[in-house]
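Chemist: give me coordinates for this.
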Amino acid sequence: MVSIEDSRSHSHSNPNISYNQTRPYYYYTPPPSSAKISRSMGRSMRTIRSNIFSADNSGPIREVSPNVSENLTDSVIDIRLGELANKSSGNSKSPSSSDLDDILDISRAFSDFSACSSDISGELQRLSSLPDPGVSQATSSDPEPEPCSGFLQRETFSTEIIESISPEDLQPTVKLCVDGLQSSSIAVKRSAAAKLRLLAKNRADNRALIGESGAVPALIPLLRCSDPMTQENAVTALLNLSLLESNKRVITHAGAIKSLIYVLKTGTETSKQNAACALLSLALVDEYKLSIGASGAIPPLVALLISGSSRGKKDALTTLYKLCSVKLNKERAVAAGAVRPLVELVTEQGAGLTEKAMVVLSSLASAEIGREAIVEEGGIAALVEAIEDASDKGKEFAVLTLLQLCVDCVRNRGLLVREGGIPPLVSLSQTGTAKAKHKAETLLGYLREPRQEASSSSSP
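Modeler: Predicted coordinates for the structure are as follows:
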């Protein structure tokens, strides 16, 4: 690693030195001070070289050879990065969570969901610390590395640059990454996708810049890449990009839905979670809900609900909830077997999923096929148990779903009575929240109707 002082001394003592390895514009070398310098990377070596030296008033640069003209020392890079960071620090925007709010505020039942970004499990920190298994192999096997591959293969990409440099200065960085997505090297593709993933993580203006740069059509083929980390970086980059409203249309019209579903079926656990969140983000646009369901998203979401991690199950529940606001998707969810795992989650107290499962069940209960499936899978008994043992919010959801099951079905009312539902409903009508009390009283009123009809029919 070359410090600013070292590279200055080398550049002054050896002005005609020519390097064999290409040094791209924003190839990061930390400065010797404890403060980190943030920066961007370039469009092409020729364009950046001319811009840097004209801005620095360093005088004309004599091009000895194409090789010399296409290389920059770390000292020049770090000096320029410092200037860019200082120039932009006064205008940098703080990361806004407004783009995440639409996803996180789908329902109060889902209010404790973490942000649907790749930061939730620390993948971004891991990304910057783990060695790239394909870098050394790709470097040794390629006698002529492609321009800027050194930057794209470098894992210590500083995230501070993202917060301190304007989108105008990041434009060459994005261009370099988009070009890297189309490289013949898997290592370069993986690293380019990783850096776009980071660039799109927090800032809406970066998401807009990347969305307009042609990155989306280049990322989509990587969703079917056999390399797990390349696939994971690509799907997370698309997730982060999708948080910007204007990018949802770009992603959907570029044909990403089926490829996201492919990741949902075949990816790593993290890739599946982020694919589910990406589909959720797209499903916030009503017109895309049916196409997502018709493309086959619901069965793999149900599979994630059954066999995924706690995080994966939460992501599956959230996405199913949003998709099932459309009647046809409710039918697809029931046909895919969603009801049984939802009922099982209702009985898993303390898992953090009970309330969310009941919200999805309540959505399915608005369709006749959903009500039939809930009863068939033992949902009434599970909901009665929830009225007794769940949290106040869980009790509200449980009584709401039972009310949906019983309002037009005398048979289901009888099943509720046989499951011992009356005592907990009476208790809830006296001690529950205002909403729970009202719904419990309404449901108890329906439970009295069959008795009144039976007594009136037996009287002379």
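Chemist: against residue 216, how distant is residue 415?
Modeler: 50 Å (Cβ to Cβ, to the nearest Å). Every C-beta, even on glycine, is put in place using the N, C-alpha and C of the backbone.
Chemist: for these two, indicate the residue with more neighbours.
Modeler: Between residue 415 and residue 216, counted using other Cβ atoms under 10 Å, the more crowded position is residue 216 (24 against 18).
Chemist: for the more buried one, give me its contacts.
Modeler: 238, 241, 247, 250-251, 254, 256 (Cβ atoms under 8 Å, 6 or more residues apart in numbering).
Chemist: and if we set it to 7 Å?
Modeler: 241, 250-251, 254 (Cβ atoms under 7 Å, 6 or more residues apart in numbering).
Chemist: that one sits in which helix or strand?
Modeler: For residue 216, the enclosing helix or strand under DSSP states H and E is helix 215-219.
Chemist: put together CSV for the contacts of residue 216, with neighbour count on each row.
Modeler: Listed next are the contacts of residue 216 as CSV, based on neighbours: other Cβ atoms under 10 Å:
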residue, neighbour count
241, 28
250, 18
251, 25
254, 16
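Chemist: excluding its backbone neighbours, what's nearest residue 201?
Modeler: Excluding the flanking residues, the one nearest residue 201 by Cβ to Cβ, 6 or more residues apart in numbering is residue 240, at 5.4 Å.
Chemist: residue 200 too?
Modeler: Using Cβ to Cβ, 6+ apart and skipping the chain neighbours, the partner closest in space to residue 200 is residue 240 (3.8 Å).
Chemist: now swap in residue 403 and tell me
Modeler: Closest residue in space to residue 403, ignoring its immediate chain neighbours: residue 443 at 4.9 Å, by Cβ to Cβ, 6+ apart.
Chemist: report pLDDT for the one you found.
Modeler: With respect to pLDDT, residue 443 scores 94.
Chemist: how about low-confidence regions in this structure?
Modeler: For the chain, the stretches flagged by pLDDT under 70 are 1-163, 349-351, 450-460.
Chemist: restrict stretch 268-281 to CA atoms and write it as CSV.
Modeler: C-alpha atoms of stretch 268-281 as CSV (Å, rounded to 0.1, in the frame of the first residue of the first chain):
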residue,chain,number,x,y,z
THR,A,268,-28.1,-18.3,-0.7
GLU,A,269,-30.1,-17.5,2.4
THR,A,270,-29.2,-13.9,2.2
SER,A,271,-29.9,-13.8,-1.6
LYS,A,272,-33.3,-15.3,-1.0
GLN,A,273,-34.1,-12.7,1.7
ASN,A,274,-33.1,-9.8,-0.5
ALA,A,275,-34.9,-11.2,-3.5
ALA,A,276,-38.1,-11.4,-1.4
CYS,A,277,-37.5,-7.8,-0.3
ALA,A,278,-36.9,-6.6,-3.8
LEU,A,279,-40.2,-8.2,-4.9
LEU,A,280,-41.9,-6.5,-2.0
SER,A,281,-40.4,-3.2,-3.0
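Chemist: in that stretch, what counts as buried?
Modeler: 270-281 (16 or more other Cβ atoms under 10 Å).
Chemist: same check, this time on stretch 372-384
Modeler: Buried residues in stretch 372-384, counted by 16+ other Cβ under 10 Å: 372-375, 377-384.
Chemist: columns distance to residue 227 and secondary structure on top of the residues you listed, output as JSON lines?
Modeler: Compiled in JSON lines, the buried residues of stretch 372-384 are given as follows (distance: Cβ to Cβ, whole Å; DSSP: H, G, I helix; E, B strand; the rest coil):
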{"residue": "372", "distance to residue 227": "44", "secondary structure": "helix"}
{"residue": "373", "distance to residue 227": "40", "secondary structure": "helix"}
{"residue": "374", "distance to residue 227": "42", "secondary structure": "helix"}
{"residue": "375", "distance to residue 227": "46", "secondary structure": "helix"}
{"residue": "377", "distance to residue 227": "40", "secondary structure": "coil"}
{"residue": "378", "distance to residue 227": "43", "secondary structure": "coil"}
{"residue": "379", "distance to residue 227": "42", "secondary structure": "helix"}
{"residue": "380", "distance to residue 227": "48", "secondary structure": "helix"}
{"residue": "381", "distance to residue 227": "47", "secondary structure": "helix"}
{"residue": "382", "distance to residue 227": "42", "secondary structure": "helix"}
{"residue": "383", "distance to residue 227": "45", "secondary structure": "helix"}
{"residue": "384", "distance to residue 227": "49", "secondary structure": "helix"}
